[in-house]
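A.B. asks: curious how this folds, go ahead:
(chains A and B)
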Amino acid sequence: MSTAIVGERQWLRRALDAAMMLVLLVIAWQALYAAVGEVAITSPLGTVVKLAALLHSQAFWRNVSASANALAVSVVIASAAGVAAGLALGFHRFSGVVAEPILTALYTLPKVTLYPLVLLIFGLGISAKIAFGVMHGVIPVILFTMSAVRNIDPVHLKTARVLKLTALQTAATILAPAVVPEIFTGLRVGFALTLLGVIIGEMFASQRGLGFLIINSMNTHDVPTMMAVIMALIVFAVIVSSTLLAIDRRLHRRG
Amino acid sequence: MSRASLVRLAVVAGFLLFLELLTRTGAIDRLVLIPPSEMAVHLWSMFRSGALDAAMAESFSNIAIAFLLSVTLGFAAGLIIHALPRLRRLVDPLLASYYAVPFFVFYPLLIAIFGLNRWPLIAIGFAFGAAAMVIATLNGLDRVPRVLRKVARVHRLGRGEEIFLVILPAASPHLFTGLKLALAYSFIGVLAGEFILSGGGLGYSIAYAYDAFDNQTMYALMLFVLTLAVVLNAALHLWEQRLLRRRRRA
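C.D. replies: Next comes the predicted model:
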């Protein structure tokens, strides 16, 4: 009983802290607005009003759906391919040792510089964006999955053998619970990076999507639209990532 | 060299050879990809003619400034946040969702604020790298054994002495992780910013070559950036291993 109350209180405290941080950020934003003025940025209130107006326009939703489609496909591909490759590299230890430094080097590479290559292979359009999103998201998923498999306690596997579990039973009762929390962390990081990849892809040589909308409104000096789209993206990213983080923490606590 | 490194080298060499073969035989169109050997030759000639000097100077100085700022300010912020638990509770949700935000959306905004010069690039590299340093500093400070702090007190060390003689060495593995990430993120931030929108630097040169259909220059520059990332990573990895070995001996 007491743990439930403590949990509730903790949750409340966390929500309060987050709310306070939000207030501080809005104050800082307003101060920045006062300092640099209308030419560069809009005020918090002005941005919300502009965003509300955008939400009623069809053109905005066309761009949203273009980004959302690319993001959804990228996330699915990056997750599936990442988990599959990670499992393979985790179980085959030597391949994992060979691959890991290559993967970390690719991870630190500014992948934008490879974007022209992607464009030349896939052409302008949604497939280039998807490929670019996958390029960003897949590596952390592989790395986290690989380390999850490597860190399975050998005693657990021995227990499975002693109990004469079938391969399927071992996978369901021993392997899955052992690796799922780590893999989920990988998927969470992968999601954030895939979003980054898709948006950057849209910011360069694209005619559609929220990233394009940001760059386009910058080029036409439409500061309110630029700010409103940036805010919409950030709110989306923060909401999704905090939800994933909450699930992530729960999975890790249970383990 | 260990067996794994040899195999790794063979894998990379084999991949390059494979690309060379595909491009030489025309299985991959020259308009899509040029042979890796041609990239290397062209890169070398660009080095010799000095065509890259200005872009390199610009990119590297921006990366260096962003890196130094993110490490020093990130570390200082980490120290302050660690010392004030109330502040830390406030900042925690911010740090937790920090890297979920696709940071480059701020880049046009930074241009609007600073103008089209080097400062938006440095700012984006800094914003990208500093949070990693803050998080690493907090992690490191959390794991300094309490007994070491007591020893510092027993020896009546001043605040500065305690930080430099006791806390920094004890937290160094985590700080090193922060350093590594801050460098990688400054690198990514600056080059990506240059690529999307700027008037100079390596990232800009790649975008410019792409727009001009100058595949030779474009691929030579990509090879350069790729090599740079690999060398940087390898160097940091070796340095870290040495640090870890020394700690184990101590």
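
A.B. asks: ok, residue 143 - contacts?
C.D. replies: Because you didn't say which chain, this covers chain A. A:86, A:100, A:103, A:104, A:107, A:186 (Cβ atoms under 8 Å, 6 or more residues apart in numbering or on different chains). Every residue, glycine included, has its C-beta placed from N, CA and C.

A.B. asks: let's do chain B instead
C.D. replies: B:170, B:171, B:174.

A.B. asks: generate a PyMOL selection restricted to the buried entries among these.
C.D. replies: Applying 16 or more other Cβ atoms under 10 Å in any protein chain shown to the contacts of residue B:143, the buried members can be selected in PyMOL as follows:
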select buried, chain B and resi 170+171+174
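
A.B. asks: closest to residue A:174 among the contacts of residue B:143?
C.D. replies: residue B:174 (32.0 Å; Cβ to Cβ).

A.B. asks: against residue B:80, how distant is that closest one?
C.D. replies: 17 Å (Cβ to Cβ, to the nearest Å).

A.B. asks: go through the contacts of residue A:143 and name the one nearest chain B.
C.D. replies: residue A:104 (6.2 Å; Cβ to the nearest Cβ).

A.B. asks: grab the nearest non-local neighbour of that closest one.
C.D. replies: Leaving aside its chain neighbours, residue A:104 sits nearest to residue B:233 (6.2 Å; criterion: Cβ to Cβ, 6 or more residues apart in numbering or on different chains).

A.B. asks: how many residues are close by that neighbour?
C.D. replies: 21 (other Cβ atoms under 10 Å in any protein chain shown).

A.B. asks: same question for residue A:99.
C.D. replies: 22.

A.B. asks: quick one: it and residue A:90 touch, right?
C.D. replies: No: contact criterion Cβ atoms under 8 Å: residue A:99 and residue A:90 do not qualify, at 10.4 Å.

A.B. asks: ok, the closest residue to chain B within the stretch 101-250 of chain A - contacts?
C.D. replies: Residue nearest to chain B within the stretch 101-250 of chain A: residue A:241 (3.3 Å; Cβ to the nearest Cβ). Residue A:241 makes contact with A:188, A:191, A:192, B:96, B:97, B:100, according to Cβ under 8 Å, 6+ apart.

A.B. asks: in helices, which of those fall?
C.D. replies: Applying DSSP state H to the contacts of residue A:241, the entries found in helices are A:188, A:191, A:192, B:96, B:97.

A.B. asks: which helix is the longest one in chain B?
C.D. replies: Max-length helix for chain B by DSSP H is helix B:215-249.

A.B. asks: can you tell me the helix or strand for the spatially most central residue of chain B?
C.D. replies: Residue closest to the average C-alpha location in chain B (Cα atoms, centre = their mean): residue B:184, at 1.4 Å. Residue B:184 is part of helix B:168-196 when elements are defined by DSSP states H and E.

A.B. asks: so the helix or strand that that helix is followed by versus helix B:168-196, what angle?
C.D. replies: Downstream of helix B:168-196, the next assigned helix or strand under DSSP H and E is helix B:202-211. Relative orientation of helix B:202-211 and helix B:168-196, computed by axes from the mean of the first three to the mean of the last three Cα atoms, to 10 degrees: 30 degrees.

A.B. asks: mean confidence score for helix B:202-211?
C.D. replies: For helix B:202-211, mean pLDDT rounds to 89.

A.B. asks: is chain A contacted by it?
C.D. replies: Yes: part of helix B:202-211 sits near chain A under the criterion Cβ under 8 Å from any Cβ of the partner chain, namely B:202, B:203, B:206, B:207, B:209, B:210.

A.B. asks: tell me the pLDDT of the residue of the stretch 101-250 of chain A closest to chain B.
C.D. replies: So, for residue A:241, pLDDT stands at 87.

A.B. asks: same question for residue A:180.
C.D. replies: 90.

A.B. asks: circling back to that earlier point, helix/strand/coil for the residue of the stretch 101-250 of chain A closest to chain B?
C.D. replies: Recorded secondary structure, residue A:241: helix (DSSP: H, G, I helix; E, B strand; the rest coil).

A.B. asks: so who does the residue lying closest to it once chain neighbours are set aside touch?
C.D. replies: Excluding its sequence neighbours, the residue lying closest to residue A:241 (Cβ to Cβ, 6+ apart) is residue B:100, at 3.3 Å. Residue B:100 is in contact with A:192, A:195, A:237, A:238, A:240, A:241, counting by Cβ under 8 Å, 6+ apart.

A.B. asks: which of those residues count as buried?
C.D. replies: A:192, A:195, A:237, A:238, A:240, A:241.

A.B. asks: need the pLDDT of the closest residue to chain A within chain B.
C.D. replies: Of chain B, the residue with the smallest distance to chain A, taken as Cβ to the nearest Cβ, is residue B:100 at 3.3 Å. Looking at residue B:100, its pLDDT reads 79.

A.B. asks: check residue A:4 too.
C.D. replies: Residue A:4 is assigned 59 on the pLDDT scale.

A.B. asks: residue B:1 too?
C.D. replies: So, for residue B:1, pLDDT stands at 67.

A.B. asks: can you show me the helices along chain A?
C.D. replies: Counting by DSSP H, the helices of chain A are A:2-36, A:44-55, A:58-91, A:93-108, A:115-122, A:126-150, A:154-162, A:167-170, A:176-203, A:210-219, A:223-254.

A.B. asks: quick one: which of those helices is nearest residue B:49?
C.D. replies: Short answer: helix A:115-122, nearest of the helices of chain A by Cβ to Cβ, at 22.3 Å.

A.B. asks: does anything pack onto that closest one? Which helices or strands?
C.D. replies: helix A:126-150, helix A:176-203, helix B:202-211, helix B:215-249 (3 or more Cβ pairs under 8 Å, 6 or more residues apart in numbering or on different chains; DSSP states H and E).

A.B. asks: right, and these - which one's nearest residue A:60?
C.D. replies: Taking Cβ to Cβ, helix A:176-203 is the member of the helices and strands packed on helix A:115-122 nearest to residue A:60, at 14.1 Å.

A.B. asks: quick one: is the one helix or strand residue B:138 maps to near chain A?
C.D. replies: Assigned by DSSP H and E, residue B:138 falls within helix B:118-142. No: judged by Cβ under 8 Å from any Cβ, helix B:118-142 stays clear of chain A, getting no closer than 10.4 Å.
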